[in-house]
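> next come a sequence and a model predicted from it.
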Amino acid sequence: MEFVIKQSVLKDELGFVQGIVEKKSTIPVLSNILIESIGENTIRFIGTDLDVTIRCEAEADIKKSGSMCIQARKLFDIVRLLPDADVHFTKDENEWVKLNCGKSNFRLAGVNREQFPEVPSFKSAPMKLSAEIFNHFIQNTAFAITNEQSRFTLSGAKFMVDGKMARMVTTDGHRLAFVEKQLTGNADKGTIDTLIPKKALMELTKIARDASGEVSFGEDENHIYFEVEGRLLITRKLSGSFPNYEMVIPKDNDKVAVFDAEEMKNAIRRVSLMADERTRSVRLTIKPNEIEIGAQSSEEGEAEEKVAADYNGEEVNIGFNSQYLQEFLNIVSSGENDSGENLEKEIDGKTVRVKENSSRLRIAFEFKDGNAQTQLNIAGEKNYDYKYIVMPLRI
């Protein structure tokens, strides 16, 4: 096999594929990337860990058709340091590969194509959703996926689409992230209800991040297929039943406090330095016009800080794992609240008003008492129905 490809193009495609390649796999061939010629001027790159597969294609000058398998991480490390010029690949005997670019010459050990696992055949991807919606969904929910391998059905996101709405839900058993988008009349009429593994979600954001168009997707009995501007991601579905998340979403939270997201994020970051290392607990005392954040450790000391809030109800104390609040606030603070409008929110006859001159992102903190789950959302958000539910700690 022999071909020539631009260094910039090669670097981009390898960047997508090598992300899923196992660094320390018990199956050595999985640390390799498969490169093969397709037709007269297309090179295909494939990487897999057997659960997630990414396939990318790029234009190249093919001198001699064929295929080669090369260690993925080493190839990517080499290519990203090469000058912006043509890269010449030549496959020699015994699977060795020569790589030439400008004055740089490398000789890399390869493996036989027959050792590389067969990847799932690509089924149809009849449904479509904008890349912007996918990116928003994943960014605002993936942080709540559990890291416990034993909780298999929680190690991904529940993803649902029909002709009227798209929805993604994640949970680790202590908190839940829910985001829904109402679709326009031109939305695809297909339906899907499946569990997507976290690793696949992270890789999907990489290939959809800079995409300006749509993500095509579909499923078969065992796999889900995503196609973005010629790049294909195939992932195994998670098996099992996702918890009944609708039972977790509170229906009777009758109190609301609204505060500045950035101010609260920074206050919790400071106060949590004095939280108990095991529970990471902070105490929120919600009073008229302010929220007092406190934390203490019997061995290290205590901290306290106050944040202004729009609230006129009775005083309530609620304890939380500070990490759960910080992660949510970090995510929502990375964007801007562009509503810029005067907001009035009414719950059970009580009206909460967001200051008209506030252009900063503000959070509506909805609760019932110190023992029931609390719901947080972005005040004034109109494009998405986004909820973050957290179980309180006993304090």
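Right, received. Where do you want to start?
> how much space separates the closest residue to F242 other than its chain neighbours from L238?
Excluding its sequence neighbours, the residue lying closest to F242 (Cβ to Cβ, 6 or more residues apart in numbering) is K158, at 4.5 Å. The way it works is simple: take the backbone N, C-alpha and C, and place the C-beta from them, glycine included. Separation of K158 from L238 (Cβ to Cβ, to the nearest Å) stands at 9 Å.
> shared neighbours, these two?
L195 (Cβ atoms under 8 Å, 6 or more residues apart in numbering).
> ok so, going back, am I right that the residue nearest to F242 sits in a helix?
No: K158: not assigned to a helix; according to DSSP: H, G, I helix; E, B strand; the rest coil it is strand.
> which residues does it contact?
Each residue near K158 by Cβ under 8 Å, 6+ apart is listed here: R167, M168, V169, T170, D193, T194, L195, F242, Y245.
> among those residues, which one lies nearest to D77?
When those are compared for distance to D77 (Cβ to Cβ), T170 comes out closest, at 33.1 Å.
> the residue nearest to F242 bridge partners, please.
Beta-bridge pairing for K158 (DSSP bridges): V169, L195.
> how many neighbours does D385 have?
In terms of burial, D385 registers 14 neighbours under the definition other Cβ atoms under 10 Å.
> you'd agree it is up against V179?
Yes: under the criterion of Cβ atoms under 8 Å, D385 makes contact with V179 at 7.0 Å.
> what's the closest residue to I20 other than its chain neighbours in contact with, if anything?
Distance criterion Cβ to Cβ, 6+ apart; nearest residue to I20, sequence neighbours excluded, is V52 at 5.0 Å. The neighbourhood of V52, defined by Cβ under 8 Å, 6+ apart, consists of I20, P197, K199, A200, E203, L233, I234, T235, R236.
> over to T90?
T90 makes contact with M1, E2, V97, K98, N100 under the criterion Cβ under 8 Å, 6+ apart.
> right, and the helix or strand after the helix or strand harbouring C56?
Using DSSP states H and E, the secondary-structure element containing C56 is strand 52-59. Going down the chain from strand 52-59, the next helix or strand is strand 61-64, by DSSP H and E.
> average pLDDT for whichever helix or strand F320 is part of?
Under the criterion DSSP H and E, the helix or strand holding F320 is strand 316-321. Per-residue pLDDT values across strand 316-321 average out to 96.
> that older thread, can you put the contacts of T90 in JSON lines and add distance to M127 and secondary structure?
Output for those, formatted as JSON lines (distance: Cβ to Cβ, whole Å; DSSP: H, G, I helix; E, B strand; the rest coil):
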{"residue": "M1", "distance to M127": "36", "secondary structure": "coil"}
{"residue": "E2", "distance to M127": "39", "secondary structure": "strand"}
{"residue": "V97", "distance to M127": "39", "secondary structure": "strand"}
{"residue": "K98", "distance to M127": "43", "secondary structure": "strand"}
{"residue": "N100", "distance to M127": "43", "secondary structure": "strand"}
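> just the residues you listed now: which is nearest Q115?
V97 (15.0 Å).
> any idea what that closest one is bridged to?
In beta-bridge terms (that is, DSSP bridges), V97 pairs with K91, L108.
> now for it, how many residues are close by?
When neighbours are defined as other Cβ under 10 Å, V97 has 20 of them.
> let me see the contact set for it.
M68, I70, F89, T90, K91, R107, L108, A109, G110.
> restricted to buried residues, select these in ChimeraX.
Command for ChimeraX, covering only those of these found buried under the criterion 16 or more other Cβ atoms under 10 Å:
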select :68,70,89,90,91,108,110
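> give the contact list for the closest residue to L273 other than its chain neighbours.
When the adjacent residues along the chain are set aside, L273 lies closest to A303, with 6.7 Å between them (Cβ to Cβ, 6+ apart). The contact partners of A303, by Cβ under 8 Å, 6+ apart, come to R270, V271, L273, M274, G294, A295, Q296.
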